[in-house]
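[1] only geometry, no sequence info:
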């Protein structure tokens, strides 16, 4: 019975018997999210009690992560930068394929996105845009999307002549994950805050790997094969120093760009500290390929980010080319360049009896030659994607019989495995990536230059509030411009390092795809300048 002033129906329910109150409470709290949470909790408890180690912990975490990502798909993108370096500690084999937490996150992202089409009628009816529906329409530039599809098609064509279907499928799955992160991940990045949150997570993950590298260097935690010049080459969780250095560079270049080009002092100081920590880890890896890639990336950052230094950098580049031309023409004496060539491992190389200092360079060159021989023998379709190590015993030279898994040059590697169609597909994909990234950078730079001009020549009678808004907008656009330069430099470092190694390992392809997503989405979510020159409009962040 309803009584005024006594709590209404709640008071009436309170006077009911206990069984009635329990049933009423269950009806009130038995919502679909609560029931789903209860089922997941019971399943997790079952995994902890009934399953053996380590699957009791592993399946519990996977189950919780799966539910979390289905409810909030963007969580997969936030966890991916952590899973890429640390996922190798959680690797397992399913049907002959090696998987880790980064692979699981990518496929959970795809599953959650697919569920949005099933849930759309129910969620839209309730006028809710959340969870799997919290994404935009397909927003990847068409040339970039088509080039990636062309690369995958070339890989699939090479499977018609493959030697090992399992190795081919492993490589195909890797690039399908790139497609998922690029096509679906771009739809879930909707605000500027989300991009900067991901950059922070990427930097923190890089710092964690740098700290692990310090521990390996300080305590000499590594095999004797990694010792060079009486010092251990650190390798983090990647098992090899070279991919570790490539991973560090992917974050280090972003930190360097933010340190040099950002406007906010808080960002510059934090990025500078990050750059110092990562640069030390890069040095301890002793990766010549990583050092060359970092040098090229820093030159790119300075040239693109600081326009007044472009003439100086151009003159230095012309001078460097002149020195190389003089050396090749015999004008510059060999003794001047010989020390540099020895440091780079490009002098006095023997394929039959290499010294300890030159062995790694001779081995790399031998693998280049073997890859080139595979391509010349199978120019159209190659030996099958992922099958370089399988075909290597028929093409190796001199003493280097160990295939090492790849050709130590990804461009030669894909030419050997997927033929001319594969290498053309890769080149198209890389060109389309930099074109899309360049357009994003130019769009941000155009807004940045306009706001700078308005601040430099304010209209008479401009109110102080408008000047403050312009200053804040200039700060945000400068930071976004610096980030765009860093992301471009990060992708460039991968391309340069891939000339002497293969960085498309240990789920680094998924991280590369995520960096590309952030770059192409940055212009869409960056602050926008109003058309009247005095009022400014920007998307919510």
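    Cool, the structure landed. Values in this document were obtained by computation on a predicted structure and should not be read as measured data.
[2] ok, residue 516 touching residue 491?
    Yes - between residue 516 and residue 491 a contact is recorded at 6.7 Å, counting by CB atoms under 8 Å. From N, CA and C alone the C-beta is placed, and that goes for glycine too.
[3] So for the two, which sits in the more crowded spot?
    Here residue 516 and residue 491 are compared on neighbour count by other CB atoms under 10 Å; more neighbours surround residue 516, at 26 against 21.
[4] coming back round to it: which residues do residue 516 and residue 491 both contact?
    Both residue 516 and residue 491 are in contact with 433, 437, where contact means CB atoms under 8 Å, 6 or more residues apart in numbering.
[5] Kindly provide the distance from residue 401 to residue 154.
    As judged by CB to CB, to the nearest Å, residue 401 and residue 154 stand 29 Å apart.
[6] So these two - more neighbours on which side?
    More crowded of residue 401 and residue 154, by other CB under 10 Å: residue 154, with 24 against 10.
[7] Surely that one is in a helix?
    Yes - when DSSP: H, G, I helix; E, B strand; the rest coil is applied, residue 154 is found to be in a helix.
[8] Pull the contacting residues for it.
    Residue 154 neighbours (CB under 8 Å, 6+ apart): 418, 419, 421, 422, 424, 425.
[9] from those, which would you call buried?
    The neighbour count (16 or more other CB atoms under 10 Å) marks 418, 419, 421, 422, 424, 425 as buried among the contacts of residue 154.
[10] just the strands in the protein please.
    92-94, 97-99, 227-228, 231-232, 528-529, 536-537 (DSSP state E).
[11] surely residue 228 meets residue 286?
    Yes - applying CB under 8 Å as the test, residue 228 and residue 286 come out as touching, 5.4 Å apart.
[12] of these two, who's got more company?
    The residue with more neighbours, out of residue 228 and residue 286, is residue 286; 19 against 13, by other CB under 10 Å.
[13] Excluding chain neighbours, what is closest to the more buried one?
    Closest residue to residue 286 apart from its sequence neighbours, by CB to CB, 6 or more residues apart in numbering: residue 233 at 4.6 Å.
[14] That neighbour reaches residue 239, doesn't it?
    No - assessed by CB under 8 Å, residue 233 is found out of contact with residue 239, at 11.8 Å.
[15] okay, these two: which has more neighbours?
    Remark: of residue 233 and residue 239, residue 233 carries more neighbours, 23 against 11, as counted by other CB under 10 Å.
[16] residues touching the more buried one, list them.
    So residue 233 contacts 222, 226, 227, 241, 284, 285, 286, 287 (CB under 8 Å, 6+ apart).
[17] Nearest spatial neighbour of the fourth one, chain-adjacent residues omitted?
    So the one you mean is residue 241. residue 233 (4.1 Å).
[18] now residue 350, nearest residue through space, not along the chain?
    Nearest one to residue 350, counting by CB to CB, 6+ apart, is residue 362 at 6.4 Å.
[19] hang on, the earlier thing: pLDDT added to the buried ones among the contacts of residue 154, as TSV?
    Converted to TSV, these look like this (pLDDT from 0 to 100):
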residue	pLDDT
418	96
419	96
421	96
422	96
424	97
425	97
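[20] ok, those residues vs residue 189, which is closest?
    Lowest distance from residue 189 to these (CB to CB) belongs to residue 425, with 25.5 Å.
[21] wait, that closest one sits on residue 147?
    Yes - Residue 425 lies in contact with residue 147 (CB under 8 Å); the separation is 7.1 Å.
[22] Give the buried residues for stretch 384-397.
    For stretch 384-397, by 16+ other CB under 10 Å, it's 384, 385, 386, 387, 388, 389, 390, 391, 392, 395, 396.
[23] swap in stretch 287-302?
    For stretch 287-302, by 16+ other CB under 10 Å, it's 287-294, 296-298, 300-302.
[24] before we move on, what about stretch 401-412?
    403, 404, 405, 406, 407, 408, 409, 410, 411, 412.
[25] can you list the domain ranges for the protein.
    What automatic domain parsing lists as the domains of the chain is 52-133, 142-537.
[26] And those domains, which one averages the lowest pLDDT?
    Mean pLDDT is lowest for domain 52-133 out of the domains of the chain, coming in at a mean of 77.
[27] Please identify the most buried of the domains of the chain.
    Most buried of the domains of the chain, by mean neighbour count (mean count of other CB atoms under 10 Å): domain 142-537, with a mean of 19.
[28] how about residue 236, what does it touch?
    Contacts of residue 236 (CB under 8 Å, 6+ apart): 85, 209, 212, 213, 216, 244, 247, 281.
[29] again, 6 Å this time
    209, 212, 213, 244 (CB atoms under 6 Å, 6 or more residues apart in numbering).
[30] That one and residue 284: what is the separation?
    10 Å.
[31] Quick check: neighbours shared by these two?
    Counting by CB under 6 Å, 6+ apart, the residues touching both residue 236 and residue 284 are residue 213.
[32] which residues of the stretch 101-250 of the chain fall in helices?
    101-125, 142-158, 165-188, 192-219, 241-261 (DSSP state H, counting those that start in this stretch).
[33] Take those and lay them out in CSV including distance to residue 463.
    Shown next, in CSV, are these (distance: least, CB to CB, whole Å):
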stretch, distance to residue 463
helix 101-125, 43
helix 142-158, 43
helix 165-188, 39
helix 192-219, 26
helix 241-261, 30
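[34] can you tell me which of these comes nearest to residue 511?
    Checked against CB to CB, the stretch from the helices of the stretch 101-250 of the chain lying closest is helix 241-261, at 6.5 Å.
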